[in-house]
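next one to model:
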Amino acid sequence: MNEKTKLRLFLIGILIVFILGAAQYYNHRRFYNMTPGLGLGDLHAEGINGRGINVAVIDQKLLTDHKEYWDRIAFYRETGEMENEPYSLHGPAVASILVGRNCGVVPRTNLFYWAVPVSGPEPVGIRYADAIREVVQFNTEQHPEEQIRILSISTGFSPEQGGDKFLEAIEEAKKSGILVFTSSYPYYTEPPLAVYNAALRDGGYRGEINDYIVQPAVAEYRGQEPREIVRERHSRDEELGHYSVWVPVEPRLLASGEGEGKYEMFETGGDSWATPFVAGVATLILQTNPELSNEQVVEIIGQTVTENENGLLMIDPREAVKKAGEL
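Numbering: from 1, shown residues only. Presented below is the predicted three-dimensional model:
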């Protein structure tokens, strides 16, 4: 073998090592962007993963065979005319934040899913109200131990959109014993939760509570310093009697509706991503202590937040689970 051939093989070897290393790094970063963070991985390893608690979601049409969550779907129903409606990106993302095997806050809980069409003859809030009542009716047909305990709805509606009917249905669900979380300010819970979206800072670690900040886009839009935004929000919530709770929403690599093995990177996030996260933490609390009332679950979430170095009162799953175990 001459020197040129040896050099060529040597360079090819270096190239192969580089490609394999780059692929490994990419896969590591890809998985890292999927993990829910805030100590949830440790809780899951301890068996605090949502097992035994039934949770419902009302959202858009779901790609039910996505590998991130297909085995957690215990029930799926499409309401209204949805035959020609495409799979959404919203539903798979919400489902993966809640019960995803990689992305999920509660990867072992049972998911009951009602899909609502995006368009229809009546206001969209009424379609969601009808779905809520279906959830309530569904529960009446189940053994108490098999009933849905938590309902997560990543949207909200104005009066013109049927918001009054939506709220009426939520009240019916609450009276039936279901703990309901929606993307509203404040949440329709007792006591109310004022939930805000937090971003992971560039180069931050998902498990480090101090690495979460006010969303840069929000600070830029408002033209305020992040700490000023935090002070205003916390002051308002204290005056109104709301619990301030900040929830990590961005960036996230989540299940996509484009295919059973496809994911989509969301560099920014909103209330839709916060709601299933909060619902997931509530599920962990109930798994730890199933005898808690819905009001106690909400109080635990609000009372166990941890203030980080940036002033955010961050949701703290580990502290919430600890508190639940002490009651």
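
distance from the helix or strand containing residue 231 to the middle of the chain?
Element membership for residue 231 (DSSP states H and E) is helix 226-240. Chain-centre distance of helix 226-240: 23 Å, with CA atoms, centre = their mean, to the nearest Å.

just the strands in the stretch 1-150 of the chain please.
Remark: strands assigned in the stretch 1-150 of the chain by DSSP state E, counting those that start in this stretch are 54-59, 73-78, 110-115, 148-153.

look up how far residue 161 lies from residue 302.
Separation of residue 302 from residue 161 (CB to CB, to the nearest Å) stands at 28 Å. C-beta: built from backbone N, CA, C; applies to glycine.

coming back round to it: what sits up against the helix or strand that the helix holding residue 231 is followed by?
Sequence-wise, the next helix or strand downstream of helix 226-240 (DSSP H and E) is strand 243-250. For strand 243-250, the external contacting residues (CB atoms under 8 Å, 6 or more residues apart in numbering) are 36-38, 191-200, 206, 212, 215, 233-234, 237-238, 266-270, 273-274, 277-278, 298-299, 301-303, 305, 312-315.

go with 6 Å
37, 193-199, 212, 234, 237, 268-269, 273-274, 277, 302, 305, 312-315 (CB atoms under 6 Å, 6 or more residues apart in numbering).

these in helices, which ones?
Residues of the contacts of strand 243-250 located in helices (DSSP state H): 234, 237, 273-274, 277, 302.

residue 302 and residue 161: who's more crowded?
Neighbour totals were compared for residue 302 and residue 161, and residue 302 leads with 21 against 17 (other CB atoms under 10 Å).

just the buried members of the contacts of strand 243-250?
37, 193-199, 212, 234, 237, 269, 273-274, 277, 302, 305, 312-315 (16 or more other CB atoms under 10 Å).

quick one: the strands in the stretch 201-327 of the chain, in order.
212-214, 243-250, 252-255, 263-266, 306-307, 313-314.

closest one to residue 146 among those?
The closest of these to residue 146 is strand 252-255. By CB to CB, the value is 26.1 Å.

tell me what the closest one is packed against?
With contacts defined as 3 or more CB pairs under 6 Å, 6 or more residues apart in numbering; DSSP states H and E, strand 252-255 has these neighbours: helix 90-99, strand 263-266.

dump the strands of the stretch 201-327 of the chain into a markdown table; add mean pLDDT as well.
What follows is those, written out as a markdown table (pLDDT from 0 to 100):
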| stretch | mean pLDDT |
| --- | --- |
| strand 212-214 | 97 |
| strand 243-250 | 97 |
| strand 252-255 | 93 |
| strand 263-266 | 92 |
| strand 306-307 | 98 |
| strand 313-314 | 98 |
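
make JSON lines from those and add distance to residue 171 to it.
What follows is those, written out as JSON lines (distance: least, CB to CB, whole Å):
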{"stretch": "strand 212-214", "distance to residue 171": "33"}
{"stretch": "strand 243-250", "distance to residue 171": "20"}
{"stretch": "strand 252-255", "distance to residue 171": "31"}
{"stretch": "strand 263-266", "distance to residue 171": "32"}
{"stretch": "strand 306-307", "distance to residue 171": "32"}
{"stretch": "strand 313-314", "distance to residue 171": "27"}
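
between those strands, which one is nearest to residue 108?
Closest among the strands of the stretch 201-327 of the chain, using CB to CB: strand 252-255, at 16.9 Å.

which residues sit against that closest one?
Defining contact as CB under 6 Å, 6+ apart, one finds that strand 252-255 is touched by 33-34, 66, 68, 92-93, 96, 103, 263, 265-266, 269.
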